[in-house]
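In: Quick one: sequence and predicted model below, then my questions.
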Amino acid sequence: MTAPGPIPTADTIRDLIVGHDRARPRSKQRAIGPSNLSSPCSRKLMYQLLDVDPVRPNSVNLAAWVGTQIHAGMEKAAKGNDDWKTETRLSLKIAPGITLVGTADAYHAPSYTLLDYKSCGPSALAKYRRQMPDNYETQVDVYGLMAVLSAAFRVDNVGIVLIPRNGSLDDIHVHVRPWNDARADAAIKRLTHLHAAAAAGTSVLPMIPTAPDCMFCPWHMLGHLGDIAEACPGHQDHGTTPMEVTTQPNERTTSP
Ligand code: SF4
């Protein structure tokens, strides 16, 4: 008889999750997508544009991992239902050298509504029911723009579906509104401005404004006093010289 192996520990389970997270496509993806674009921190976007090696490559956001499993479950739940198209890969070249890529969670064809799923805990759910965060709104508007300009879907409405990680079916909240193409245009314009600034290389990083989005930022190194080109100490209210980056709606700057 074979002798029993070691009893699984918390590390065993953690290793399973970390291994799975590292293998999934979104963890490997370095291209800019709507979720990156929705970050309020322009420096974080700039690290990504400049392809700076993350200093926290192994950090796994458990909440995001659980959210990914919810996405997978929702895809299965809608499979075979002609009203729904799920996990649609979108790609849009917005300027020379910049292609936006992303995956639209769900499209409800009868109502021309593009939806983005967000899993959240109880306090976030209560808060977001009252006021949806700007970055979520921007993200879904950018998906709408990508879908329309790439001729994937007609988009009349966009929406955010809040699915509780530890609640009941009654807690699911759907926030739907008309697609705001001006907000999407502003986000695209911000990216094109940052892309132009990126031509200066990593020396530009200290001048790029920051915003609080540090918790899972791959370039966050608490207390870092060295070169910003290598790591960021995190958002502070002082200490940067902001570079002008347009975030307000303006005329359309993208083309199919
Ligand atoms: S650590 Fe914070 S401030 Fe620095 S780039 Fe990341 S999100 Fe921005």
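Out: Nice, I can see it.
In: Just the CA trace of stretch 79-86, in CSV.
Out: Taking C-alpha atoms only, stretch 79-86 is exported to CSV below (Å, rounded to 0.1, in the frame of the first residue of the first chain):
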residue,chain,number,x,y,z
LYS,A,79,-24.9,29.6,-23.2
GLY,A,80,-27.5,28.4,-25.8
ASN,A,81,-29.7,31.5,-25.1
ASP,A,82,-30.0,33.4,-28.4
ASP,A,83,-30.7,36.6,-26.6
TRP,A,84,-27.2,36.7,-25.2
LYS,A,85,-23.7,36.9,-26.6
THR,A,86,-21.0,36.5,-24.0
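In: Which pLDDT value goes with the residue of the stretch 1-150 of the chain found nearest the ligand?
Out: For the stretch 1-150 of the chain, the residue closest to the ligand is residue 41, as judged by Cβ to the nearest ligand atom, at 3.4 Å. Every residue, glycine included, has its C-beta placed from N, CA and C. With respect to pLDDT, residue 41 scores 95.
In: Name the helix or strand for the residue most central in space within the chain, please.
Out: Taking Cα atoms, centre = their mean, the centroid of the chain lies closest to residue 35, which sits 2.0 Å from it. For residue 35, the element it lies in under DSSP states H and E is helix 34-37.
In: Give me the contacts around that helix.
Out: Contacts with helix 34-37, where a contact means Cβ atoms under 8 Å, 6 or more residues apart in numbering, come from 44-45, 48, 100, 102, 138-140, 142-143, 146, 187-188, 190-191.
In: ok, the residue of the stretch 1-150 of the chain closest to the ligand touching residue 215?
Out: No. At 11.2 Å, residue 41 does not count as touching residue 215 under the criterion of Cβ atoms under 8 Å.
In: Of those two, which one has the most company?
Out: Taking other Cβ atoms under 10 Å, residue 41 and residue 215 do not tie; residue 41 has more neighbours (22 against 9).
In: I'd like the distance between that one and residue 212.
Out: 7 Å (Cβ to Cβ, to the nearest Å).
In: Spit out the residues that contact the two alike.
Out: residue 235.
In: and stretch 122-130, which residues are buried?
Out: Within stretch 122-130, the residues scored as buried using 16 or more other Cβ atoms under 10 Å are 124-125, 128.
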